[in-house]
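Asks: pasting the sequence and the predicted coordinates here, then a few questions.
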Amino acid sequence: MLEQYLKQQDDNLQLMLKRRQQLQQQAEQEQRRLLALSQHLATMDGPEHMACSLSLQNLSGIKQILHSLQQEQQQRTSAAAAEVARQQHVCVKQAALNLGLHDILSQQQRQQQLERSRLEQRQQDELSQQLLQQRPRFTP
């Protein structure tokens, strides 16, 4: 019964690890998006390259929009990283549970083996005792 439960918990851990990997990939993707947005914003021409006030207004508006997008992307990146950390914590707890279950199962198996060894030794002792009692005695 414990073996079945352990198998189920091992399967759960594998699913959790797979989910953590997916979340990690999503977090990396969000980080790449933030980096690309930040790089684009940093490489935009400054106001010194603008010839007229309308171009300056457009540039200012675009930069405001991009800064806003950058902040939103930063929030998504932070949320994704937090989700990875939460899933990692869940995986660690599950792994600790599984390790404990493995230890309990191993301990039970060692205890059963010890009991079998003791029973076998007791049976051999009894057999030896019976053989000793059945042996004819020499009297010179």
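Replies: Here it is on my side, so go on.
Asks: right, and residue 13 touches residue 95 too?
Replies: Yes - taking contacts as CB atoms under 8 Å, residue 13 lies within contact range of residue 95: 6.1 Å. Any C-beta I mention is one placed from the backbone N, CA and C, and that applies to glycine too.
Asks: state the distance from residue 93 to residue 5.
Replies: 16 Å (CB to CB, to the nearest Å).
Asks: now the residue most central in space within the chain: closest residue in space that isn't a chain neighbour?
Replies: Centre of the chain computed as the mean C-alpha position; nearest residue by CA atoms, centre = their mean is residue 91, 3.5 Å away. In space, and not counting its chain neighbours, residue 91 is closest to residue 16: 4.8 Å by CB to CB, 6 or more residues apart in numbering.
Asks: the one you found: which element?
Replies: Per DSSP states H and E, residue 16 falls inside helix 2-43.
Asks: moving C-terminal from that helix, which element do we reach first?
Replies: The helix or strand immediately downstream of helix 2-43 is helix 53-134, counting by DSSP H and E.
Asks: pLDDT of that next one, averaged?
Replies: The predicted model assigns helix 53-134 a mean pLDDT of 93.
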